[in-house]
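Asks: here is a sequence with its predicted model. Questions after.
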Amino acid sequence: MTEIIDGNAVAEDVRDEVSEAVDALESEGVTPTLATVLMSDDPASETYVSMKQSDCEEVGIDTVDVDIDSDAPAEELYDTIDDLNADADVDGILVQMPVPDHVDDRRVLRSIDPEKDVDGLHPENIGRLVAGDARYKPCTPHGIQRLLDAAEVETEGKNAVVVGRSRLVGKPMANLFIQYGDGGNATTTVCHSRTENLAEKTRSADILVAAAGVPEMIDGSMVGEGAVVIDVGINQVDADTEKGYELVGDVDFESAKEKASAVTPVPGGVGPMTRAMLLYNTVNAAALQSGVESAL
């Protein structure tokens with residue numbers, strides 16, 4: 001029978017670990033603090049930030065919440081980041097993406113102090129990840145590693161196929177899979193929109209990570225027998241529901257689970273882990289900047 005990997009349960013375990021680490025830091029006089037910066041009128045972005053703030057409150061992390069009008073000059077966002085970088089009481093900075101078109105999102109990532117970059121996406125932190133000396137692992141790929149570990153999925157020597165090459169998920173996920181050590185040592189293939197014979201490559205996977213942002217692009221015919229399928233996608237599609245839509249992943253869940261040995265659902269799979277690993281990184285950022293050893 002196919003195992004449905006419960007991201008909510010694993011995320012709860014991570015939050016428990018984080019809460020204990022927060023208590024340990026507070027006993028040393030350190031209260032981890034995350035600054036969230038929202039420059040968007042998008043309801044989904046507003047919801048994501050609100051959820052992250054609630055997560056912080058649950059585990060004892062303080063928050064600094066900054067809202068910037070989406071029509072404000074880009075310099076207002078850059079100046080805000082500079083101020084947060086200089087604020088000794090702020091340990092981590094999260095700028096909710098996407099930002100408005102008139103803002104250079106790459107400059108945003110470069111502007112964040114690497115030690116406060118709890119998304120792990122500053123060029124310095126990406127470079128350290130590739131070099132095998134990660135300061136903070138990007139939240140979604142790190143969360144996937146924790147899901148695989150919780151499901152007792154061995155990565156060493158396995159064929160891992162990542163569909164998608166985004167800087168947020170695809171590229172760092174591939175790098176984590178090829179690293180030495182736990183959660184790594186896999187033979188890794190990265191597929192994308194220019195990949196030929198995609199189905200042939202996905203069927204070769206022992207571990208298949210779908211992170212292309214295309215609703216239900218991976219169906220059962222593209223999954224090898226007994227593969228572990230990790231669905232990163234969260235796509236809103238029209239549906240005959242009260243809201244007029246439903247959320248689906250990049251994987252056609254029903255057909256994929258007929259072939260997979262384990263699969264993550266949408267929602268309730270990777271999403272909760274992304275949020276949990278943000279808390280994890282924030283605590284480690286607080287420990288790093290205070291000189292107090294992290295309990296994580």
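Replies: Yep, it's here. Numbering: from 1, shown residues only.
Asks: surely residue 188 is within a helix?
Replies: No: in this structure, residue 188 is strand, not part of a helix, as judged by DSSP: H, G, I helix; E, B strand; the rest coil.
Asks: how far away is the closest residue to residue 223 other than its chain neighbours from residue 226?
Replies: Of all residues beyond its chain neighbours, the one nearest residue 223 is residue 259 (4.3 Å), with distances taken as CB to CB, 6 or more residues apart in numbering. Every C-beta, even on glycine, is put in place using the N, C-alpha and C of the backbone. Distance from residue 259 to residue 226, counting by CB to CB, to the nearest Å: 8 Å.
Asks: ok, residue 155 - contacts?
Replies: The contact partners of residue 155, taken as CB atoms under 8 Å, 6 or more residues apart in numbering, are 148, 177, 183, 184, 185, 186, 207.
Asks: show me the contacts for the spatially closest residue to the fifth one that is not a sequence neighbour.
Replies: By that I understand residue 185. In this structure, residue 185 finds its nearest non-sequential neighbour in residue 156, 4.0 Å apart by CB to CB, 6+ apart. For residue 156, the contacting residues are 184, 185, 186, taking CB under 8 Å, 6+ apart as the criterion.
Asks: distance check, residue 156 against residue 133.
Replies: With distances taken as CB to CB, residue 156 is found 20 Å from residue 133.
Asks: so how far is stretch 43-60 from its chain's centroid?
Replies: Put simply, stretch 43-60 sits 14 Å off its chain's centre (CA atoms, centre = their mean, to the nearest Å).
Asks: what do you get for stretch 207-220?
Replies: Worked out by CA atoms, centre = their mean, stretch 207-220 lies 16 Å from the chain centre.
Asks: for residue 179, see how far away residue 168 is.
Replies: Here residue 168 is placed at a distance of 18 Å from residue 179 (CB to CB).
Asks: err, residue 291, not the other one
Replies: Remark: distance between residue 291 and residue 179 (CB to CB) = 27 Å.
Asks: between those two, which is the more surrounded one?
Replies: Applying other CB atoms under 10 Å to residue 291 and residue 179 shows that residue 179 carries more neighbours, namely 20 against 8.
Asks: which residues does that one contact?
Replies: Taking CB under 8 Å, 6+ apart, one finds 132, 185 in contact with residue 179.
Asks: any idea how far it is from residue 264?
Replies: 21 Å.
Asks: residue furthest from the geometric center of this structure?
Replies: Using CA atoms, centre = their mean, the residue of the chain lying farthest from its centre is residue 240. It sits 29.8 Å away.
Asks: for the stretch 101-250 of the chain, just list every one of the strands.
Replies: Residue ranges of the strands in the stretch 101-250 of the chain, as given by DSSP state E, counting those that start in this stretch, are 159-163, 187-191, 207-210, 228-231, 235-238, 245-248.
Asks: follow-up on the earlier one: tell me which of residue 259 and residue 226 has more neighbours.
Replies: residue 259 (19 against 11).
Asks: and the more buried one, what pLDDT?
Replies: The per-residue pLDDT reported for residue 259 equals 97.
Asks: quick one: residues contacting the closest residue to residue 30 other than its chain neighbours.
Replies: Closest residue in space to residue 30, ignoring its immediate chain neighbours: residue 290 at 4.5 Å, by CB to CB, 6+ apart. Counting by CB under 8 Å, 6+ apart, residue 290 makes contact with 25, 28, 30, 91.
Asks: can you say which of the residues you listed are buried?
Replies: Buried positions within those, assessed by neighbour count (16 or more other CB atoms under 10 Å), are 25, 30, 91.
Asks: chain neighbours aside, what residue packs nearest to the last one?
Replies: Once its chain neighbours are removed from consideration, residue 91 has its nearest residue in residue 286; the separation is 4.0 Å (CB to CB, 6+ apart).
Asks: next one: that neighbour from residue 92, what distance?
Replies: According to CB to CB, residue 286 and residue 92 sit 8 Å apart.
Asks: which phi and psi does residue 154 have?
Replies: Taking degrees, to the nearest 10, you get phi -80, psi 130 for the backbone angles of residue 154.
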